[in-house]
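With the sequence up front, the predicted model follows.
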Amino acid sequence: MTGSMMKTGLPVVGITMGDPAGIGPEIIVKSLTDESVYGSVRAVVIGDKKVLQRAASMIDVACGFVDHRPEIPTTETDIEVFDLRNCGAPIRYGEVSAVNGKAAGEYIEKAYELWKNGTIDAICTAPINKESLNLGERDFPGHTEFFASLAGIDKFAMSFFAGQLRVVLLSTHVSLFEAIKLVRRQSIVDLIEFTDRTFSKLLGKKVSIAVAGLNPHASESGKFGTEEEMEITPAVDECLNKGINVSGPYSPDTIFMRAHKGEFDAVIAHYHDQATIPVKALSFGSAVNVTLGLPFIRTSVDHGTAFDIAGKGIADASSMKAAILLAGKLAAAAALEK
């Protein structure tokens, strides 16, 4: 059991506030004042207290904001904060800003520092705006690459948990043209092996993995493309010979529903929308993004900053709540293994 869990009895989840101009502050306040979250984890927001207070006032939620002190028990009406006080002037909701991007980057860096020194057990992230982040002199396409750089690792993958459907992505934010070029035997072998290791550890059991096809009906023996025959099937066969419980390629229009019904523990998808369309269709608002391969648990919402509704008090906090609870659940399971 980690040091922070021994002090509190609950997994301590550090929640980065995300872009201050987005819906992050709002959905964090909504989540941490929900009885389904309080008592399951000890949550600590890494952000700017004034921005959180403004969000609470906007949605008419009565709660206190206190500095995090591990030795002092929390109350149901208090939200613990590591207050970086880095937002400056009042935030203009829904706007790209170098100041906000720099602040969002500092929350990420602080969260990693807190995990490294044992203050928190897991990290859950509210959404960032990539343009603001880059203007704020943090040159990363997203959280995944940012955390990987901080941790000094080069092997990681994006996954989504949506109930029993768990999807791992071969490629993420690249064009479809580029994604297809990345469907190569060795890359698929590497991802199958990586998924087998990481999911077996996360779920505490030997897992079953399905691999989606790339083409319609997984090409129907070469009628609609050659990637299955030339790249995907040989990769699956190689991993089978290594003792991994993997099968496929399966028709992409059915395999995700089969996994959703519990037939497989994880599905490997070949490009971003192949994964996220079924995830969001089946579990929009409650799916969770989980980064695999980091030395710590990191979860996130399945949506962006929603600048178009920021500041209106109408954001749905379901995915944020699910991400916080999953971070706590995975951190508690990891602690029991130590």
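Looks like it arrived, so ask away.

So which residues of this structure form helices?
Under the criterion DSSP state H, the chain contains helices at 3-8, 24-32, 49-58, 98-116, 130-135, 143-151, 176-181, 185-203, 227, 233-241, 252-260, 272-283, 318-337.

for these, which one ends up most surrounded?
helix 24-32 (a mean of 28; mean count of other Cβ atoms under 10 Å). C-beta: built from backbone N, CA, C; applies to glycine.

ok, now which ones touch V41?
L10, P11, V12, V13, I324, L325, A327, G328 (Cβ atoms under 8 Å, 6 or more residues apart in numbering).

Show me the two of those residues that sit farthest apart.
V12 and L325 (13.6 Å; Cβ to Cβ).

returning to what we had before: by pLDDT, give me the weakest of the contacts of V41.
pLDDT across these is lowest for L10, at 88.

Is that one in contact with G328, as I believe?
Yes: L10 lies in contact with G328 (Cβ atoms under 8 Å); the separation is 7.3 Å.

between these two, what contacts are shared?
S40, V41.

What are the contacting residues of stretch 261-268?
So stretch 261-268 is contacted by 159, 164-168, 170, 188, 191-192, 195, 199, 203, 207-212, 248, 255-256, 258-259, 275 (Cβ under 8 Å, 6+ apart).

ok, 6 Å please
With contact meaning Cβ atoms under 6 Å, 6 or more residues apart in numbering, stretch 261-268 is reached by 164, 166-168, 191, 195, 199, 207-212, 255, 259.

Tell me where this structure is predicted with low confidence.
The chain contains residues with pLDDT under 70 at 1-8, 71-76, 336-338.

Quickly list the domain ranges of it.
Domain ranges of the chain: 1-154+293-338, 157-285, per automatic domain parsing.

Now the two most distant members of the contacts of stretch 261-268.
Pairwise over the contacts of stretch 261-268, using Cβ to Cβ, the maximum falls at Q164 and L191, 20.3 Å.

Nearest to V81, out of the helices of the chain?
Of the helices of the chain, nearest to V81 by Cβ to Cβ is helix 49-58, at 5.1 Å.

Does anything pack onto the closest one? Which helices or strands?
helix 24-32, strand 64-67 (3 or more Cβ pairs under 6 Å, 6 or more residues apart in numbering; DSSP states H and E).

Against which helices or strands is the shortest one packed?
Applying 3+ Cβ pairs under 6 Å, 6+ apart, we find strand 64-67 packed against helix 49-58, strand 78-83.

For E113, find the nearest of the ones you listed.
Across the helices and strands packed on strand 64-67, closest to E113 is strand 78-83 (Cβ to Cβ), at 9.8 Å.
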